[in-house]
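1. have a look at this prediction, sequence included:
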Amino acid sequence: MAGDESSGRNAILSLLGSIKALVMFESENCLHGVTPSVWDDRVGAQVKHRVELPDAIQKPGSVKAAARQAPVISPSLNLFDAPGSGAGLRAGTPVVEKKSHPGRERPDPEKTAASLEALRLEIGENCRRCPLAGLGRKRVVFGVGNPGADVVFVGEGPGEDEDRQGEPFVGKAGQLLTRMIVKIGRKRNEVYICNIVKCRPPGNREPAVEEKKICGKFLERQIDLIKPRVVVALGKTAAMYLKGMFDVPPAGFSIGKHRGSVEDYRGSMLLLTYHPSYLLRSPSASGMVEDDLKKAFSLAAGDRPA
Ligand code: URA
C-alpha cells in the first residue's frame, strides 16, 4: 500500500515536472498558448504552423537546455517570391512576420531616438556647413516624429513657418499633409518627417546642388538610423534627390510620370507623390496623393508592391 502511494506520488511529481517544463519553455519563448502565425503567400493569409520543440523538452530534467534552444518554426516567409513559385516558404529559416520588409531589420526605437538626438547635436543649432547658414535662416530644422516609424516623409527644405518653429511641415502645406495622414486613418506622430536641407533657402527657392549634397548626407543618416519600410518623397525636388538625380535639371521629370512605381532607397521602398504645396494650388490632385499615402502604409504593413 505504502509502495503504491509512493509510486503514485512519484508519477504525479513527474507529471507536474513535465507541465512545469512546458510552461517555462513557453513563457521563455513567448509561445504562451499560441502557435505563432505567419503570412503564407500561397494562401494569402496569416496561417498557423507547427512548432517543433527541441528534443530536450521531452526530458523534464533538462528544462534550461530546452529553453536555450530556440524553437524551429517549420515554414518561413519570403514576401516577394512569385505566388505559386513554391519559393515562398522554406523549412528551417527564421520566421519573418507579414509586417517585415524582407532584409529590413527594424532597430530598437529607443536606440534610434538616442542616435537621432546625437545626430541632431552633431549638426548643431548653428550649423555652418553650407551657404544656407549665411542666407537668413533662423533655425536648423532637423526632423520630427516617431523614431520607430515605418513610413518616413521627405520634403525639400523648411519654409518660413518651419524656420520659425523649428519643425518640418507645420505651415499651410504641412497642415494639409497632416490632415491627409489623418484622413486615411493614420496619425502624424506615427511617421517621421524631415527634409533634404535642414535650413530654409531664402524666398523658399529650391536648394542649390551644393546645399543638397552637403545637407543630404544628414538625411541619409536619418534614414539609415530609422530604417523605415517606406520612404515617401514629397514633390519633385525630394523625388529627384532620392532617385539620385540631384544635380540633373528637373526638365522632363514629373511626379505624374513616376508616382506609383516602387523602388529601393537605402533598403527602404521609395514612393513618390506630389508635394502638399502643389495640392494647395491644385486640390484636384488630392485623390492621387491620398491613394499614394494609402499605398505607402499598406506596403509598410507588408503588402506586395503592385
Ligand atoms: N515644404 C517642404 O518641403 N518642407 C517643409 O518642411 C515645409 C514645406
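-> Happy to help now that I have it. All of these numbers come straight from a predicted model, not from anything done at the bench.
2. near the ligand, which residues of this protein show up?
-> Among all residues of the chain, those adjacent to the ligand (criterion: Cβ under 6 Å from any ligand atom) are 155-159, 162, 168-169, 171, 173-174, 195. Using the backbone N, CA and C atoms, a C-beta is placed for each residue, glycine as well.
3. among these, which are in strands?
-> Cross-referencing the residues of the chain next to the ligand with the strands (criterion: DSSP state E) gives 155, 195 as the overlap.
4. turn the residues of the chain next to the ligand into JSON lines, columns for neighbour count.
-> As requested, the residues of the chain next to the ligand are exported to JSON lines (neighbours: other Cβ atoms under 10 Å):
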{"residue": "155", "neighbour count": "27"}
{"residue": "156", "neighbour count": "24"}
{"residue": "157", "neighbour count": "26"}
{"residue": "158", "neighbour count": "32"}
{"residue": "159", "neighbour count": "22"}
{"residue": "162", "neighbour count": "25"}
{"residue": "168", "neighbour count": "26"}
{"residue": "169", "neighbour count": "27"}
{"residue": "171", "neighbour count": "21"}
{"residue": "173", "neighbour count": "21"}
{"residue": "174", "neighbour count": "24"}
{"residue": "195", "neighbour count": "29"}
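5. and the residues of the chain next to the ligand, which is closest to residue 122?
-> Top of the list for closeness to residue 122, among these and by Cβ to Cβ, is residue 195 at 17.0 Å.
6. thought that closest one was touching residue 142?
-> No: at 9.2 Å, residue 195 and residue 142 do not qualify as touching, with contact defined as Cβ atoms under 8 Å.
7. the closest residue to the ligand within the chain bridge partners, please.
-> Using Cβ to the nearest ligand atom, the point where the chain gets nearest to the ligand is residue 155, with a distance of 2.8 Å. With DSSP bridges as the criterion, residue 155 is bridged to residue 195.
8. with residue 144 instead?
-> Beta bridges link residue 144 to residue 193 when assigned by DSSP bridges.
9. neighbours of it, how many?
-> Around residue 144 sit 17 other residues, with neighbours defined as other Cβ atoms under 10 Å.
10. residue 245 too?
-> 13.
11. strands of the stretch 151-300 of the chain, residue ranges please.
-> 151-155, 192-195, 230-234, 263-265, 268-273 (DSSP state E, counting those that start in this stretch).
12. with mean pLDDT added, can I get these in JSON lines?
-> JSON lines is the format used below for the strands of the stretch 151-300 of the chain (pLDDT from 0 to 100):
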{"stretch": "strand 151-155", "mean pLDDT": "98"}
{"stretch": "strand 192-195", "mean pLDDT": "98"}
{"stretch": "strand 230-234", "mean pLDDT": "98"}
{"stretch": "strand 263-265", "mean pLDDT": "97"}
{"stretch": "strand 268-273", "mean pLDDT": "98"}
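13. C-terminal to the helix or strand bottoming out on mean pLDDT in the chain, what's the next element?
-> The helix or strand of the chain with the lowest confidence, counting by mean pLDDT, DSSP states H and E, is strand 72-73 at a mean of 26. Moving toward the C-terminus from strand 72-73, the next helix or strand (DSSP states H and E) is helix 109-123.
14. and that following helix, what does it pack against?
-> In this structure, helix 109-123 packs against helix 209-226, with contacts taken as 3 or more Cβ pairs under 8 Å, 6 or more residues apart in numbering; DSSP states H and E.
15. ok, back up a step: could you dump the strands of the stretch 151-300 of the chain to a markdown table with distance to residue 122?
-> Compiled in a markdown table, the strands of the stretch 151-300 of the chain are given as follows (distance: least, Cβ to Cβ, whole Å):
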| stretch | distance to residue 122 |
| --- | --- |
| strand 151-155 | 19 |
| strand 192-195 | 15 |
| strand 230-234 | 22 |
| strand 263-265 | 22 |
| strand 268-273 | 22 |
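16. for residue 297, which of those is the nearest?
-> Judging these by Cβ to Cβ, what sits closest to residue 297 is strand 151-155, at 6.3 Å.
17. dump the C-alpha coordinates for that closest one into PDB.
-> In PDB, the C-alpha atoms belonging to strand 151-155 read as follows (Å, rounded to 0.1, in the frame of the first residue of the first chain):
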ATOM      1  CA  VAL A 151       7.000  55.500 -43.100                       C
ATOM      2  CA  VAL A 152       9.300  58.500 -43.400                       C
ATOM      3  CA  PHE A 153       8.200  61.600 -45.400                       C
ATOM      4  CA  VAL A 154      10.900  63.600 -47.100                       C
ATOM      5  CA  GLY A 155      10.400  67.200 -48.300                       C
END
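18. if anything else comes up later, I'll come back, but that's it for now.
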